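A.B. asks: This is the structure alone, sequence omitted:
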């Protein structure tokens with residue numbers, strides 16, 4: 001009788017632990033959904049402010065004069081931004097911060113290295129539905145625009161999507177004739193990086 005009671009007690013403990021694990025998993029899912037929603041809301045508010053303040057592009061701008069300078073910035077809510085990305089096929093606009101860290105990435109994609117003027121810029125973004133997650137499945141040829149805070153528009157298209165290990169930092173930031181802009185985000189689980197390589201185009205009809 002005592003043995004049966006002991007087994008029943010153990011069974012109830014295991015059931016309780018199972019429910020606790022389920023509740024913890026549901027809580028994590030709910031938090032991730034909330035964080036995703038907040039990130040999308042924050043970036044949308046910033047990009048709306050950016051588009052209001054950015055002037056019309058200067059068509060007569062000499063790009064050679066830009067090559068050796070730092071990218072200009074615009075401050076919004078205490079953070080500095082260098083411009084925004086636009087993906088017409090996704091009807092998506094995303095602000096890009098001047099510098100990156102994990103706190104900033106929760107608000108908007110961030111410049112990881114390089115400049116748009118030297119065709120070597122790398123931008124990091126979280127795997128949020130409203131940030132870089134949709135880019136992972138976009139086909140080659142997808143158009144992406146970058147608009148700096150002075151209103152200058154740079155046109156790109158996706159040329160390749162790679163999956164890199166976290167330690168391949170040198171290859172991630174490597175200057176190559178095969179791409180002019182790199183966007184990257186974590187895969188599910190964070191073990192690898194989806195890396196979207198883009199080439200400059202001569203498109204003029206912005």
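C.D. replies: Cool, got the structure. A quick note: this is a predicted structure, and the numbers were derived from the prediction, not measured. Numbers count the residues shown, from 1 in each chain.

A.B. asks: So, low pLDDT: which residues of this protein?
C.D. replies: Along the chain, segments meeting pLDDT under 70 span 1-13, 16-40, 57-68, 188-190, 203-206.

A.B. asks: can we see that at 50?
C.D. replies: Along the chain, the model assigns pLDDT under 50 to residues 28-29, 31, 205-206.

A.B. asks: Pick out the residue nearest the middle of it.
C.D. replies: Taking Cα atoms, centre = their mean, the centroid of the chain lies closest to residue 125, which sits 2.0 Å from it.

A.B. asks: so it makes contact with residue 186?
C.D. replies: No. Taking Cβ atoms under 8 Å as the definition, residue 125 is not a contact partner of residue 186, at 9.3 Å. To be clear about C-beta, it is placed using only N, CA and C from the backbone, and glycine gets the same treatment.

A.B. asks: In the sheet, which strands lie alongside the biggest strand by length in the chain, parallel or antiparallel?
C.D. replies: Taking DSSP state E as the criterion, the chain has its longest strand at strand 153-164. Strand 153-164 has the following strand partners under DSSP bridges: strand 143-148 (antiparallel), strand 193-200 (antiparallel).

A.B. asks: Would you mind measuring from residue 152 to residue 56?
C.D. replies: Remark: distance between residue 152 and residue 56 (Cβ to Cβ, to the nearest Å) = 10 Å.

A.B. asks: These two: which has the busier surroundings?
C.D. replies: Shown here are residue 152 and residue 56; by other Cβ atoms under 10 Å, residue 152 has more neighbours (20 against 7).

A.B. asks: do you know how far the more buried one is from residue 102?
C.D. replies: Residue 152 is 29 Å from residue 102, by Cβ to Cβ.

A.B. asks: re the thing from before, distance to residue 46 for the strands paired with strand 153-164 - can I get that in JSON lines?
C.D. replies: Shown next, in JSON lines, are the strands paired with strand 153-164 (distance: least, Cβ to Cβ, whole Å):
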{"stretch": "strand 143-148", "distance to residue 46": "13"}
{"stretch": "strand 193-200", "distance to residue 46": "21"}
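
A.B. asks: Which of those sits closest to residue 44?
C.D. replies: strand 143-148 (15.8 Å; Cβ to Cβ).

A.B. asks: how about the strands in this protein?
C.D. replies: Using DSSP E, strands in the chain cover 74-76, 79-87, 92-97, 110-113, 121-124, 143-148, 153-164, 181-186, 193-200.

A.B. asks: So what pairs up with residue 79 in the strands?
C.D. replies: residue 76.

A.B. asks: That one contacts residue 104, correct?
C.D. replies: Yes. Counting by Cβ under 8 Å, residue 104 is a contact partner of residue 79 at 6.7 Å.

A.B. asks: okay, and the common contacts of the two?
C.D. replies: Residues touching both residue 79 and residue 104 (Cβ atoms under 8 Å, 6 or more residues apart in numbering): residue 97.

A.B. asks: is residue 143 in a bridge, and if so with what?
C.D. replies: Applying DSSP bridges, one finds that residue 143 bridges with residue 157.

A.B. asks: residue contacts, it?
C.D. replies: 87-89, 155-157, 201, 203.

A.B. asks: With neighbour count and distance to residue 72 added, can I get those residues in TSV?
C.D. replies: Below are those laid out as TSV (neighbours: other Cβ atoms under 10 Å; distance: Cβ to Cβ, whole Å):
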residue	neighbour count	distance to residue 72
87	18	23
88	11	24
89	12	28
155	18	19
156	24	20
157	16	25
201	15	23
203	13	23
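
A.B. asks: Many thanks, we can stop here.
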